[in-house]
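Novice: what follows is a predicted structure for the sequence shown.
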Amino acid sequence: MANQMQTITGQRSVTKEQWLNMISSKIDEELISHKSALPAGFNRVRFTMNCTTMLQDMMKKEPQKLQVIQPNTIAMCMVKGAYLGLDFFNGECYAIPYGKEMNFQTDYKGEIKLCKKYSSNPIKDIYAKFVRDGDFFEESVEGGVPDIRFKAVPFSDAEIKGAFAVVLFKDGSMLYESMSATEIELIRKNFSKAGNSPAWTKTPGEMYKKTVLRRLCKSIDLNFDTIEARKAFDDAGDSAFDDSFNSTGDESAPVDVFAESRELEPEAEGQRHPMKGGPKAEKTVQNATDDAMQADFAAFDSQYNSPIDPDAGELPY
């Protein structure tokens, strides 16, 4: 029946409503068990209801993608949004099907919201813009002080040549990053979790801005309230280029693509780890937290493993 969902493990069928209830129950369970990791004033009931509504909408729009996703990754994706206090409905973050997993990603405006909220140095303004052919763009350093000058051609539809992001702090200091279109496309090709998604193909300019803004965030001292929020933010970028890159394609020899920029600013490296104990201690705690979460979701998956059998010949609902 079209309203039945055939499981792979156990060969049992569940209805669309039962499947949604399974996911909803697991989201709610995780929010309760990790309530100390949630932002102040967080509305657990409303968040869970919003997630369920979003999944119902995805069932209508992308049933083929949703039917092969492991249900444990769906719950995990939603909970990451809760840890950061971002709203799926307002477009501050997204749940994106990718292979057999549901991936959590922040939107451009979600990134800005988090930077303003968690920056140790209070932010006056933060933004990113793309630069088109014919626009005036100049970056310079005078007396050790960086400066950017930009003037766009009004209403231009010329080719995008690159993008830049700027953060202005209330103490008068500033940081910026700039990337050429070639560099951004290289990241998209080699590291994007969904390089051919509608976001990239239909709104490349917005993705250019998000890419350079995410790179700028690496230079901002973001002091998250919890390890869970820090981990969710680290996982939320479109591009997974933090851990490995090798122009020869040899994945056994990971290379940090941003090492050069950090070598120019060695004092900033230590500031990126506001947690007590430094980078190694933070990583150890994050791994322990992540392992615990994975164990929780693994137990859930073994009980409710409900992806649809792609050979079943019909939709699960």
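Specialist: Now that the structure is in, tell me what you want to look at. Residues are numbered from 1 along each chain as shown.
Novice: all helices for the stretch 51-200 of the chain, in order.
Specialist: 63-66, 71-84, 108-118, 181-191, 198-202 (DSSP state H, counting those that start in this stretch).
Novice: nearest to K100, of those helices?
Specialist: Taking CB to CB as the criterion, helix 71-84 is the member of the helices of the stretch 51-200 of the chain that comes nearest to K100, at 7.5 Å. Where C-beta positions appear, they are placed from N, C-alpha and C, glycine not excepted.
Novice: determine the set of other helices and strands touching that closest one.
Specialist: Secondary structure elements in contact with helix 71-84, counted by 3 or more CB pairs under 8 Å, 6 or more residues apart in numbering; DSSP states H and E, are helix 16-33, helix 44-61, strand 93-98, strand 101-106, helix 227-235, helix 278-304.
Novice: quick one: I187 from M179, how far?
Specialist: Spatial separation of I187 from M179 under the definition CB to CB, to the nearest Å is 8 Å.
Novice: and for the two, which residues touch both?
Specialist: When contacts are counted by CB atoms under 8 Å, 6 or more residues apart in numbering, I187 and M179 are jointly contacted by T211.
Novice: confidence score at R188?
Specialist: Confidence per residue is given as pLDDT, and for R188 that number is 89.
Novice: repeat for S119
Specialist: According to the model's per-residue confidence, S119 sits at a pLDDT of 97.
Novice: I'd guessed it sits against I220; true?
Specialist: Yes: S119 is in contact with I220 according to CB atoms under 8 Å; the separation is 5.5 Å.
Novice: these two: which has the busier surroundings?
Specialist: The residue with more neighbours, out of S119 and I220, is I220; 21 against 18, by other CB atoms under 10 Å.
Novice: list phi and psi for the more buried one.
Specialist: Listed backbone geometry of I220 is phi -90, psi 130, with angles given as degrees, to the nearest 10.
Novice: and the gap between it and G134?
Specialist: For I220, the distance to G134 - CB to CB - is 31 Å.
Novice: same thing with A37?
Specialist: Counting by CB to CB, the gap between A37 and G134 amounts to 48 Å.
Novice: neighbour-wise, which of those two wins?
Specialist: Ranked by neighbour count (other CB under 10 Å), A37 and G134 place A37 first, with 20 against 11.
Novice: the more buried one contacts A232, correct?
Specialist: No: look at A37 against A232 with CB under 8 Å: they stay out of range, at 9.2 Å.
Novice: ok, now which ones touch N103?
Specialist: N103 sits next to T73, C77, A95, I96, P97, K193, A194 when contact means CB under 8 Å, 6+ apart.
Novice: list only buried entries from those.
Specialist: Those of the contacts of N103 that meet the buried threshold are T73, C77, A95, I96, P97, A194, by 16 or more other CB atoms under 10 Å.
Novice: please name the bridge partners of the fourth one.
Specialist: Listed beta-bridge partners, I96: N103 (assigned using DSSP bridges).
Novice: related to what we said a few turns ago, need the overlap of contacts for S119 and I220.
Specialist: Common neighbours of S119 and I220 (CB under 8 Å, 6+ apart) are V167.
Novice: burial count for E29?
Specialist: E29: 15 surrounding residues under other CB under 10 Å.
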